[in-house]
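Chemist: Output the structure for:
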Amino acid sequence: MKFCTVDAFTKTLFKGHPVAVCVFDQFPHDDFMRSIALEVNLSVTSFLVPLQTNHYAIKWFSHRGRELHSCGHGTLAAAHVLWTEMEREVNDIIYFEGFSGVIKTWRSHPAITIDLPAMVSQPTTIPDGLIDALGTSPVCINECNSDIIVELCSPQDVFDLKPDFSSLFELGVPKVIVTAESGGKEPYDYVSRVFKPKSHEFEENIFAETHTKLAPYWVEKIGKTELRGLHASKRGGGLIAVVHNNERVLLTGEAVTAFSGKFVGLRTD
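Modeler: Alright, predicted model coming up:
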């Protein structure tokens, strides 16, 4: 079994989103994979099994032992391991078959592109208590799959934001995505942070799902088809997003292997 930890959506060690990746010849029992994810204790552990040439089955488990339906940063990390640690050809297209369907990935050295469904948001009213919880007034508010997208005036407003998490928790919103346009003054087009009021982590590292929502949002506002996004959490991270007909989002980012090794005394029976 191949085991690595990978920092996704960054080219700098100990930045981006850390993910564990395990490659098996066949999937062990779910309880065993769940135990590995709990032991590793990163937000996500990706498990891979080869199906045929350049096709892999993939499963994702959270650090709380819950199986996830999809995970873009876990998929990017898995693709990185196959190309850098298991010697897949640079020009290969790799397909991952998971719970939510097939994810296509390809490499333009040193970055990796993943093809994901776009998630289009709609304008909504400001939830009661949101302004007080954030401590700032938004430019506008959108809703996407129960998450709230809050646009602020400037990137600095996003960087400086210190929300009241107890007040955010009372809103009952799964995620609050805060974002702002750079206005062409920075090497990125938009900046973002993600708050999870009901999570013990409170603030998320960079992950792909956020940008399948933000990329269509900013494409419509900025008018560019290719956008550079900066994630402003403590670990940071960044990516390039290309939107096709508000149906697909191509997310391109780099990754770096932090650790590579094996489980000692590992048994899968």
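Chemist: name the helices or strands packed onto the helix ranked longest in the chain?
Modeler: Longest helix of the chain, by residue count under DSSP state H: helix 208-222. Applying 3 or more CB pairs under 8 Å, 6 or more residues apart in numbering; DSSP states H and E, we find helix 208-222 packed against helix 72-84, strand 111-117, strand 147-151, strand 176-181, strand 190-196, strand 226-231, strand 238-244, strand 248-253. For glycine as for every other residue, the C-beta is placed from the backbone atoms N, C-alpha and C.
Chemist: Most tightly packed of those?
Modeler: Across the helices and strands packed on helix 208-222, averaging neighbours per residue (mean count of other CB atoms under 10 Å) puts helix 72-84 on top, at a mean of 27.
Chemist: any idea how far residue 54 is from residue 194?
Modeler: 32 Å (CB to CB, to the nearest Å).
Chemist: One more: residue 166?
Modeler: Residue 166 is 48 Å from residue 54, where distance means CB to CB.
Chemist: if you count what's nearby, which of these two comes out ahead?
Modeler: Neighbours were tallied for residue 166 and for residue 54 using other CB atoms under 10 Å; the higher tally belongs to residue 54 (14 against 9).
Chemist: need the contact list for the residue nearest the centre of the chain.
Modeler: The chain has residue 207 as the residue nearest its centroid, 1.6 Å off, counting by CA atoms, centre = their mean. Residues in contact with residue 207, defined by CB atoms under 8 Å, 6 or more residues apart in numbering, are 9, 17, 71, 72, 73, 194.
Chemist: per-residue pLDDT, the residue nearest to the fourth one when sequence neighbours are not counted?
Modeler: The spatial neighbour of residue 72 that comes closest, neighbours along the chain excluded (CB to CB, 6 or more residues apart in numbering), is residue 208 at 2.3 Å. The pLDDT attached to residue 208 in the predicted structure is 97.
Chemist: what about this protein, any weak spots by pLDDT?
Modeler: The model of the chain has pLDDT under 70 over residues 200, 265-269.
Chemist: Assign a three-state SS to residue 86, would you?
Modeler: coil (DSSP: H, G, I helix; E, B strand; the rest coil).
Chemist: surely it meets residue 2?
Modeler: Yes - using CB atoms under 8 Å, residue 86 is in contact with residue 2, at 6.6 Å.
Chemist: who's more crowded, these two?
Modeler: The neighbour count for residue 86 versus residue 2, taken as other CB under 10 Å, is higher for residue 2 (15 against 12).
Chemist: circling back to that earlier point, out of the helices and strands packed on helix 208-222, which comes closest to residue 37?
Modeler: Evaluated over the helices and strands packed on helix 208-222, closeness to residue 37 peaks at helix 72-84, with 10.7 Å, by CB to CB.
Chemist: Residues contacting that closest one, please?
Modeler: 2, 4, 6, 8-9, 17, 19, 21, 23, 44-46, 48, 56, 58, 60, 68, 88, 90, 92, 94, 96, 98, 103, 105, 107, 112, 114, 116, 205-209, 212, 251, 253, 255-257.
Chemist: 6 Å instead, please
Modeler: Contact with helix 72-84 is made by 4, 6, 8, 17, 19, 21, 44, 46, 48, 60, 88, 94, 96, 103, 105, 107, 112, 114, 116, 207-209, 255, as judged by CB atoms under 6 Å, 6 or more residues apart in numbering.
Chemist: same thing with stretch 147-162?
Modeler: Defining contact as CB under 6 Å, 6+ apart, one finds that stretch 147-162 is touched by 121, 138-142, 173-180, 182, 191, 193, 232.
Chemist: gap between residue 136 and residue 144?
Modeler: 20 Å.
Chemist: who's more crowded, these two?
Modeler: Set residue 136 next to residue 144 and count neighbours by other CB under 10 Å: residue 144 wins out with 21 against 18.
Chemist: which one is that one nearest to, not counting chain neighbours?
Modeler: Nearest to residue 144 is residue 121, by CB to CB, 6+ apart, at 3.7 Å.
Chemist: Now for residue 19: which residues touch it?
Modeler: Neighbouring residues of residue 19 by CB under 6 Å, 6+ apart: 6, 8, 44, 73, 74, 77.
Chemist: Bridged to it, which residues?
Modeler: Per DSSP bridges, the residues bridged to residue 19 are residue 6.
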